[in-house]
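Student: Based on what follows, work out the 3D shape:
(chains A and B)
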Amino acid sequence: MSFDDWALAVHVLSAFAYVGGIVLFWVLIVAVRRVDTPEGTLRMEPIVKVGNAAVGIGATGTIVIGIYLAFALDSYAIWNGWIIAAIVLWAISAELGRRTGAAYMRGMEKAKELDAARTPDANEELLALNRTSAGVFLHALTSLAVLLILLDMIFKPGAP
Amino acid sequence: MLFSIAHTHGQDFALFLHVLGAMILVGGLLTAASSLALARGDVKFLRLGYFSLLAVALPGWLLMRIDAEWIASKEGWTAKGAPTPTWLGIGFVLADAGGLILLISLITGGIGVRRLRAGKGTGLLKATLALSIVLLAAYIVAVWAMAGKPN
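Tutor: Coordinates of the predicted model:
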């Protein structure tokens, strides 16, 4: 395998980490909808960290190695329409992902606040924050953007 | 760039479904392994881990495997005497062996969840965790083989 073959393999593995993290967050989004206690919410934090690591490594790996490959491989150029589309979609998905995280962190912060105040009982406000419809909507948009990147990478519209 | 796998444009849709299935499978395994490993005996997280395998990883595996067969059939790789590239051989072996391990982990985990309801130990779910980690490692190798195409 050449260096570029390895780079391509790591690029694809990064894409798997990115989507894997997004799938993990979908499971957590469903699971947290029933959680109304500070302890239950805070118990999710270690798994959230795994998801954050997967998304962070995946997103960074795809864009960095993807751009390298666009310059390294003769058959592709950075100004190809489908590559520009992928970069734009990547930037959109990254921003949407950041906003999704912020929406769900409100629940986590509320849980920490309740925990610090030693109020371990079920809390309506915490439940409402954990069930944020804005968060679900933003994560759906993030997933859609990533799905479009995948379609773009496979179909390569406009590529020779 | 990404997925410049040897395929004709007619295979694009099948390839899309195959890759999507594989990504869902990896996501389900990552979620299951994380939930089971970080559960620290919490029944909710042990159940979450098991149901991630059942409701996410299994459908992902089915989508990935069915589309792999579809692509292989269209490309003529399943015909008698057709040469099998190394990367394809690795992919098929890991997909099928992984499917078997996934099935075993689902059965083990299912019994483990039933035992949890009865207030018994979490030993079987620990076995499910170990199998999930093995599967995750195997599919990382499979993705590497599919993307890097050794030989």
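Student: Report the closest residue of chain B relative to chain A.
Tutor: Among the residues of chain B, residue B:27 lies closest to chain A, at 2.5 Å counting by C-beta to the nearest C-beta. No exception for glycine: its C-beta is placed from N, CA and C like everyone else's.
Student: Output the contacting helices and strands for the lengthiest helix in chain B.
Tutor: Looking across chain B with DSSP state H, the single longest helix is helix B:86-117. Applying 3 or more C-beta pairs under 8 Å, 6 or more residues apart in numbering or on different chains; DSSP states H and E, one finds that helix B:86-117 contacts helix B:43-52, helix B:58-75, helix B:123-148.
Student: Serialize these to a markdown table and add fields for mean neighbour count, mean pLDDT and distance to residue A:5.
Tutor: A markdown table is the format used below for those (neighbours: other C-beta atoms under 10 Å in any protein chain shown; pLDDT from 0 to 100; distance: least, C-beta to C-beta, whole Å):
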| stretch | mean neighbour count | mean pLDDT | distance to residue A:5 |
| --- | --- | --- | --- |
| helix B:43-52 | 22 | 93 | 32 |
| helix B:58-75 | 18 | 91 | 20 |
| helix B:123-148 | 20 | 90 | 5 |
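Student: Columns distance to chain A on top of those helices, output as CSV?
Tutor: Output for the helices and strands packed on helix B:86-117, formatted as CSV (distance: least, C-beta to the nearest C-beta, whole Å):
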stretch, distance to chain A
helix B:43-52, 5
helix B:58-75, 8
helix B:123-148, 3
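Student: how about the ones you listed in JSON lines, adding distance to residue B:13?
Tutor: Converted to JSON lines, the helices and strands packed on helix B:86-117 look like this (distance: least, C-beta to C-beta, whole Å):
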{"stretch": "helix B:43-52", "distance to residue B:13": "27"}
{"stretch": "helix B:58-75", "distance to residue B:13": "9"}
{"stretch": "helix B:123-148", "distance to residue B:13": "17"}
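Student: so who does residue B:62 touch?
Tutor: By C-beta atoms under 8 Å, 6 or more residues apart in numbering or on different chains, the contact list for residue B:62 reads residue B:21.
Student: how near is it to residue A:50?
Tutor: Counting by C-beta to C-beta, to the nearest Å, the separation of residue B:62 from residue A:50 is 25 Å.
Student: just the helices in chain A please.
Tutor: Under DSSP H, chain A gives helices at A:3-32, A:38-42, A:45-72, A:81-116, A:124-130, A:133-155.
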